[in-house]
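**Student:** The following comprises the amino acid sequence and a computationally predicted model.
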Amino acid sequence: KVEEDSLFYSRSGGGLTLSGGEPMDQADFAVSLLKEARRRHLNTAMETCGFSRWQPLKSACEHLDNLIYDIKTMNPKKHRVSTGHTNQVILKNLARVRENFPDLPVFVKTPVIPGFNDRLEDIRAIAVNISTMTNTSYEVLPYHRMGTSKYEYLGLPYAMKRGKKLNNGVIGDIQMMLHAEFPKLVSRNGTHP
């Protein structure tokens, strides 16, 4: 299916991106698909939160051209309260990716969530953690409510209260701080290099 648009991809540099949900929840399938895409000379990328056993993530990285890695907070207690797990595995896996795949471009991104990680200190802690990692860039994304209807459809409670939203200027303040303090992590327009 991806090859149907290969003419376009050959010019744009695009290809196959695995995202989710979480691709590593179906690690065998994800690795097989990435391996086949690589065999067919398709550019490959994967977006993950990194909460995975190391061996499957390592196998996936062997077939990737780019890795998009979500980090929501550096605070393990806050992470546990919001996700049900600490961030220990996530951060350890990112360090392992950088150690084992130094040439793999890694794009760390953080969804900025009101009342959770929307303070400069929250984002600065993430930037400090990744600032010495080679071949790594960083992007913050404003929180949105696009998933609300999915929760309603599935009959599940939506954890974020409807009234919560980012204060005006928060993303701009964060981006200004990142550009000033961590210019090597972000490009001029705040997107991946």
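**Tutor:** Thanks, I have the structure now.

**Student:** how about low-confidence regions in the chain?
**Tutor:** Judged against pLDDT under 70, the low-scoring parts of the chain cover residues 7, 9-10, 145-147, 158-164, 187-193.

**Student:** Apply 50 and report the result again.
**Tutor:** Flagging of the chain using pLDDT under 50 yields the residue ranges 188-193.

**Student:** just the strands in it please.
**Tutor:** Residue ranges of the strands in the chain, as given by DSSP state E, are 15-18, 43-48, 66-70, 106-112, 136-142.

**Student:** Specify the stretch among these that is closest to Leu156.
**Tutor:** Closest of the strands of the chain to Leu156 is strand 106-112, at 18.7 Å (criterion: C-beta to C-beta). Using the backbone N, CA and C atoms, a C-beta is placed for each residue, glycine as well.

**Student:** what helices or strands is the closest one leaning on?
**Tutor:** Helices and strands touching strand 106-112, as assessed by 3 or more C-beta pairs under 8 Å, 6 or more residues apart in numbering; DSSP states H and E, comprise strand 66-70, helix 88-100, helix 120-130, strand 136-142, helix 170-181.

**Student:** Try it again at 10 Å.
**Tutor:** For strand 106-112, the packing partners by 3 or more C-beta pairs under 10 Å, 6 or more residues apart in numbering; DSSP states H and E come out as strand 43-48, strand 66-70, helix 88-100, helix 120-130, strand 136-142, helix 170-181.

**Student:** Given the first one, what are its sheet partners and their directions?
**Tutor:** What that stands for is strand 43-48. For strand 43-48, the paired strands and their directions (DSSP bridges) read strand 15-18 (parallel), strand 66-70 (parallel).

**Student:** Dump the ones you listed into CSV; add distance to Leu120 and mean neighbour count as well.
**Tutor:** Converted to CSV, those look like this (distance: least, C-beta to C-beta, whole Å; neighbours: other C-beta atoms under 10 Å):
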stretch, distance to Leu120, mean neighbour count
strand 15-18, 30, 20
strand 66-70, 19, 20
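
**Student:** Distance to Val128 added to those, as CSV?
**Tutor:** Supplementary listing: the strands paired with strand 43-48 in CSV, determined by distance: least, C-beta to C-beta, whole Å:
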stretch, distance to Val128
strand 15-18, 28
strand 66-70, 16
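
**Student:** Return the backbone torsion pair for Pro114.
**Tutor:** With angles defined as degrees, to the nearest 10, Pro114 sits at phi -60, psi 130.

**Student:** just checking, it touches His144?
**Tutor:** No - Pro114 lies out of contact with His144 (C-beta atoms under 10 Å); the separation is 11.0 Å.
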